[in-house]
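[1] Take a look and give me a structure for this.
(chains A and B)
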Amino acid sequence: MARFVVRRLLAMIFVLFAVSVLTFTIFNVIPNGDPAVRMAGKQPTEEQIEQIRQTWSFDEPVTTQYVVTMKKLFSGDMISYTTQTDVVEEIVKGLPRTLSLSIGAAILWMAFGVGFGLLSAMKAGGVRDKLLTVIALIGVSMPVFWIGALFNYYLGFKLGIFPNGGYVPFTENPIDWAYHLILPWFALSILFIGVYSRVLRGNILDTINEDYVRTARAKGLSERTVLLKHVLRNSLIPIVTLWGLDFAVVIGGGAILTETVFDLQGVGQYAADSIGQLDQPPIIAVTMFGAFFVVIVNAIVDIGYAALDPRVRLGESAG
Amino acid sequence: MSRKFSGVRSRLLAVFGVLALAGGAAACGSDSESGSSDAAEGGEITLAQTSQPDYLDPALSYTVNGWEPMWLVYTPLLTYAHEDGEAGAELIPGLAEDLPEVSEDGKTYTFQLRDGLKYSDGSDVVASDFEHTIKRVLALESGGAPFYQSIEGATEYLEGNNDDADISGIEADDKTGEIEITLTEPRADFQNIIAMNFAGLVPGDTPFKNLTEEPPPGVGPYTITESVPNREFVMERNPEFEALEIPDIPLGNVDKMTTSIVKNQAQQAQDVLSNELDYMQDPPPADIKPEVLQTVGPDGSEEQRYEEHVTSSTYYFFMNTQVAPFDDPLVREAVNYGIDKPALANLFAGELQPGCSFLPPGMPGYDEEFDTTGCPYGDPSEPPDIEKAQELIQEAGVEGESVTVYGNNDDPTDKVTEAYADMLNDIGLNAEVEILDGGVYFQTIGKQSEEAQTGFANWFQDFPHPLNFYFLVDGDTIQPTNNQNFGNVDDPEINDELDALALETDLESVADRWAALDELLIAPPNSYIAPYGHRKLATFFSDRMDFESAVFSPVYNNDYSTFALKEGE
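    Numbering: from 1, shown residues only, chains lettered A, B, ... in the order given. Modelled structure (predicted):
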């Protein structure tokens, strides 16, 4: 088991390294993306540009620049080329916003996804199932930027029921915090609710005729007990795995559109702004941040699986 | 400053010079001391910018997002009158007692610092703070550094990499308050350069680092009391300023202004409409503008909340005079005839005033007739003369010749570029579009090896002096990379006249010569560039604000020191 964990951790480090190299390389091959020129202002002299190149090590070989960049990232000294603000500090400032959005939305999509999936499966083929299927498909089909804009315009601006975007820190006022996040939570979770309810419905219908379920019924257990204790519990296993990965993806950048539409100014929006400015340090830092979350959750899921199912571990060893 | 319009992305950015439209100036008022009967003293207001100011450090900021607020926090030796329209382009003494004495050779400027000046932290202002202020601009590799390299010893200071070294061309006497600046050569726009925000005085012990998060003290009606980059910054009345009794610089009306960074412009506009926000710096986006126009009151009314102003900016297409087919004056002339200026204005949601001149409204030398009905290519508000353009293309023998049109992906530049290519096709060329990322666009077309044939260009003034526009077409500024003279305009007659005008410090007396130069640049047979208009900007307030008090500076845009709440708000 220890070997498996070590191997997973090494793989994680390799993935993060590959992500950093790719991101750095992409930025450096963009035509005419000389950051010194962009930093030098509107009417720069050649001397001034040269001085900036020296100050920021832009005149060093690309490999040296990569090493310098990584050192700065891990020592917390990374500075934005555009605003010259501390990149790690900006991510830390945005993280509570991104986590507030992601955690709330993840709870919502899990709760509603499971609820709708269960309701659908219980009367599969019935009117309720068909209705929930249509609702789920609509949810899956609506892009978050569109539903977010609709929420903002009608529920925020026109009717004034909810705030028109913005964010209030939890520490400042928990009620206002939740009030400002209700629309973003729903906007972000609608897609996932649709997906999760359909996946869970399918899992339940696959499980419902398994031998152990039939045995449970034969033992005289109530349909409710059978459904909740035997069918749902087993059907939820892949859903929980999916939830973990989706949650990591949302934190790692999947919430860019939601953050932008509702002006939450979390890590995702910081990434979007940095990409718009071709500002390499925050792009690399946010990419690494996102990759870290995805990879770490993936590794935890793999390790958890290995602990639960020896076949996974054996399979890895055999491979 | 960047040529991009901050509202569209924001991000790269521009300092706008703004001129009240003739009809709008009266409505906007010029009562800089809030003489409006409806205006209240005090109170707090909330403002919004779409993107964080590049810096909240006067040595570094080079965008409208930074300059508009910091004008009221850091006063240079000279500054501009807090007035609408042309009056607002007048240089007035700031921290200096008077305008400078200039030596006969035009190289030495002597200023006398006012007595008893204090920074917002209560410390005394001394003459040597000026040298420290300029040293910070140079040492921090500010975008403004090139402006001050005309001071003797500034380049040596920059190259010496020693923050504590002396700039030989600046002599400051702390006892007498005299500041003497010697230039390497005469420069007619030097007083404008002294009035730039970069030269807003800061204490002599201000560190040589970006102080955006803890802006240094300054001398001005307001001081920045809180700054959280990418979130918000707060300006409050400077408690020391009133006692200084500096004439012609208003004390301000409101007590506190909180500027939030709200990246969603539609949300900003909605919040202004619902009075959740008192002012947004960018114009409302096109999709919500009709709703804004329906809601705000009519011009001149008590309910007025919105007004558009023409900025000191020019949008034009460059044509590379060193590359075929634009090395032929007939082709350049044809392009000028073929541009549909009203159609291009529509792409800016009407926030572009069609025009023909390179010098923008409000700039000395601007000829309104030449820019409108007297345009040699026809009235810019009318459809183009396509037939004439086609004839010229045929005469030049370049019909069907391939042309690559450069533009960037900022909104609406991409659409403007596409439209321009269509217009070139209409007159007989075979144009295709090359859209680059906004972050690298000007670097790319400014590289000679790219041989960019033609494309989008614009300029917003740094200060109200024609030289700040004409370096863009000065043959002496052509360089292999980072070239700003995108069309490689190199006309000996223009170059010589620019050299001569660069020595003329009395702008009014040479305004006609600037106007003649504009005609020489634009009219046939040269037709070196193809201007098509001047950008507009808006004042858009909540219903809580007193619209009449507000002043629109031609240099710094909305003048926050004239913002006031209505009585009872």
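
[2] mind checking pLDDT for the residue in the stretch 101-250 of chain A that chain B sits nearest to?
    Residue of the stretch 101-250 of chain A nearest chain B, by Cβ to the nearest Cβ: residue A:157 (4.1 Å). For every residue, glycine as well, the C-beta is placed using N, CA and C. For residue A:157, the model assigns a pLDDT of 89.

[3] Excluding sequence neighbours, find me the nearest residue to it.
    Distance criterion Cβ to Cβ, 6 or more residues apart in numbering or on different chains; nearest residue to residue A:157, sequence neighbours excluded, is residue B:270 at 4.1 Å.

[4] residue ranges with poor pLDDT in chain A?
    Applying pLDDT under 70 to chain A flags the ranges A:1, A:30-33, A:41-43, A:305-319.

[5] if we can go back for a sec, could you tell me the phi and psi values at the residue of the stretch 101-250 of chain A closest to chain B?
    Residue A:157 adopts backbone torsions of phi -80, psi -50, taken as degrees, to the nearest 10.

[6] Next: residue B:234.
    Phi and psi for residue B:234, reported as degrees, to the nearest 10, are phi -120, psi 130.

[7] Could I get the contacting residues of it?
    B:224-227, B:256-259 (Cβ atoms under 8 Å, 6 or more residues apart in numbering or on different chains).

[8] out of those residues, what pair is the most spread apart?
    B:227 and B:256 (14.1 Å; Cβ to Cβ).

[9] more crowded one of these two?
    Between residue B:227 and residue B:256, counting by other Cβ atoms under 10 Å in any protein chain shown, residue B:227 is the more crowded of the two (20 against 15).

[10] residues of whatever helix or strand residue A:196 lives in that come out buried?
    Assessed by DSSP states H and E, residue A:196 sits inside helix A:174-207. Neighbour-count burial for helix A:174-207 flags A:177, A:180-201, A:203-204, A:207 (criterion: 16 or more other Cβ atoms under 10 Å in any protein chain shown).

[11] on that earlier part again, hang on, the residue nearest to residue A:157 packs against residue B:288?
    Yes - with contacts counted by Cβ atoms under 8 Å, residue B:270 reaches residue B:288, the gap being 6.9 Å.

[12] related to what we said a few turns ago, quick check, nearest of the contacts of residue B:234 to chain A?
    residue B:227 (10.7 Å).

[13] On the three-state scheme, the residue most central in space within chain A is what?
    Closest residue to the average C-alpha location of chain A: residue A:250 at 1.5 Å, with Cα atoms, centre = their mean. With DSSP: H, G, I helix; E, B strand; the rest coil as the basis, residue A:250 sits in helix.

[14] ok, now how distant is it from residue A:297?
    With distances taken as Cβ to Cβ, to the nearest Å, residue A:250 is found 11 Å from residue A:297.

[15] same deal with residue A:54?
    From residue A:54 over to residue A:297 (counting by Cβ to Cβ), the distance is 41 Å.

[16] Check which helices and strands the helix or strand the residue nearest to residue A:157 falls within is in contact with.
    In this structure, residue B:270 is located in helix B:265-273 according to DSSP H and E. The elements that helix B:265-273 packs onto, with contact taken as 3 or more Cβ pairs under 8 Å, 6 or more residues apart in numbering or on different chains; DSSP states H and E, are strand B:279-280, helix B:289-295.

[17] now the ones you listed as TSV including distance to chain A and mean pLDDT?
    Converted to TSV, these look like this (distance: least, Cβ to the nearest Cβ, whole Å; pLDDT from 0 to 100):
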stretch	distance to chain A	mean pLDDT
strand B:279-280	13	96
helix B:289-295	10	89
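
[18] Return the most buried member of those.
    Of all those, strand B:279-280 has the most neighbours on average by mean count of other Cβ atoms under 10 Å in any protein chain shown, namely a mean of 24.

[19] ok, residues contacting that one?
    B:45-49, B:262, B:265, B:268-269, B:271-272, B:539-542, B:545, B:558, B:563.

[20] residue contacts, the residue of the stretch 101-250 of chain A closest to chain B?
    So residue A:157 contacts A:164, B:270, B:273-274 (Cβ under 8 Å, 6+ apart).

[21] For these, pick the one with the most neighbours.
    Of all the contacts of residue A:157, the most densely surrounded is residue A:164 (26 neighbours; neighbours counted as other Cβ under 10 Å).

[22] Isn't that one up against residue B:271?
    Yes - at 6.0 Å, residue A:164 counts as touching residue B:271 under the criterion of Cβ under 8 Å.

[23] Check whether the residue of the stretch 51-200 of chain B found nearest chain A sits in a helix, strand or coil.
    Going by Cβ to the nearest Cβ, chain A is nearest to residue B:143 of the stretch 51-200 of chain B, at 2.1 Å. On the three-state scheme (three-state DSSP), residue B:143 is labelled coil.

[24] Quick check, pLDDT for it.
    Residue B:143 carries a pLDDT value of 86.

[25] surely it meets residue A:37?
    No - contact criterion Cβ under 8 Å: residue B:143 and residue A:37 do not qualify, at 11.3 Å.

[26] who touches both of these two?
    Counting by Cβ under 8 Å, 6+ apart, the shared contacts of residue B:143 and residue A:37 are residue A:44.

[27] Skip the chain neighbours and tell me the closest residue to residue 156.
    Going with chain A. Once flanking residues are discounted, residue A:156 sits nearest to residue A:164: 3.6 Å by Cβ to Cβ, 6+ apart.

[28] that's the wrong chain, I wanted chain B
    residue B:168 is the one closest to residue B:156 (Cβ to Cβ, 6+ apart), at 7.4 Å.

[29] ok, now residue B:268?
    Going by Cβ to Cβ, 6+ apart, residue B:268 has residue B:280 as its nearest residue, at 4.2 Å.

[30] any idea how far residue B:137 is from the one you found?
    To residue B:137, residue B:280 is 30 Å away according to Cβ to Cβ.

[31] neighbours of residue B:437, just the number please.
    By other Cβ under 10 Å, neighbour count at residue B:437 equals 17.

[32] now the one 3 residues further on
    Here the number of neighbours of residue B:440 (other Cβ under 10 Å) works out to 18.

[33] isn't it right up against residue A:278?
    Yes - using Cβ under 8 Å, residue B:440 is in contact with residue A:278, at 6.9 Å.

[34] does residue B:48 sit in a helix, a strand or a coil?
    Relying on three-state DSSP, one would call residue B:48 strand.

[35] circling back to that earlier point, let's test this: mean pLDDT of the helix holding residue B:270, rounded?
    92.

[36] Just the C-alpha atoms of that helix, please, in PDB.
    What follows is helix B:265-273 as a C-alpha-only set of coordinates in PDB (Å, rounded to 0.1, in the frame of the first residue of the first chain):
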ATOM      1  CA  GLN B 265     -19.800  46.500 -17.100                       C
ATOM      2  CA  ALA B 266     -23.400  45.600 -17.500                       C
ATOM      3  CA  GLN B 267     -23.700  45.000 -13.800                       C
ATOM      4  CA  GLN B 268     -22.100  48.400 -13.200                       C
ATOM      5  CA  ALA B 269     -24.600  50.100 -15.400                       C
ATOM      6  CA  GLN B 270     -27.500  48.300 -13.800                       C
ATOM      7  CA  ASP B 271     -26.200  49.300 -10.400                       C
ATOM      8  CA  VAL B 272     -25.900  53.000 -11.400                       C
ATOM      9  CA  LEU B 273     -29.500  52.800 -12.700                       C
END
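
[37] what's it in contact with?
    For helix B:265-273, contacts defined as Cβ under 8 Å, 6+ apart pick out A:149, A:152-153, A:156-157, A:164-166, A:263, B:7, B:48, B:50, B:262, B:277-280, B:282, B:284-285, B:287-289, B:291-292, B:295, B:305, B:540-542.

[38] ok, how many other residues are close to the residue of the stretch 451-569 of chain B found nearest chain A?
    Nearest residue of the stretch 451-569 of chain B to chain A (Cβ to the nearest Cβ) works out as residue B:482 at 6.0 Å. By other Cβ under 10 Å, the residues close to residue B:482 number 19.

[39] Same question for the one 5 residues further on.
    Burial of residue B:487 is recorded as 28 neighbouring residues (other Cβ under 10 Å).
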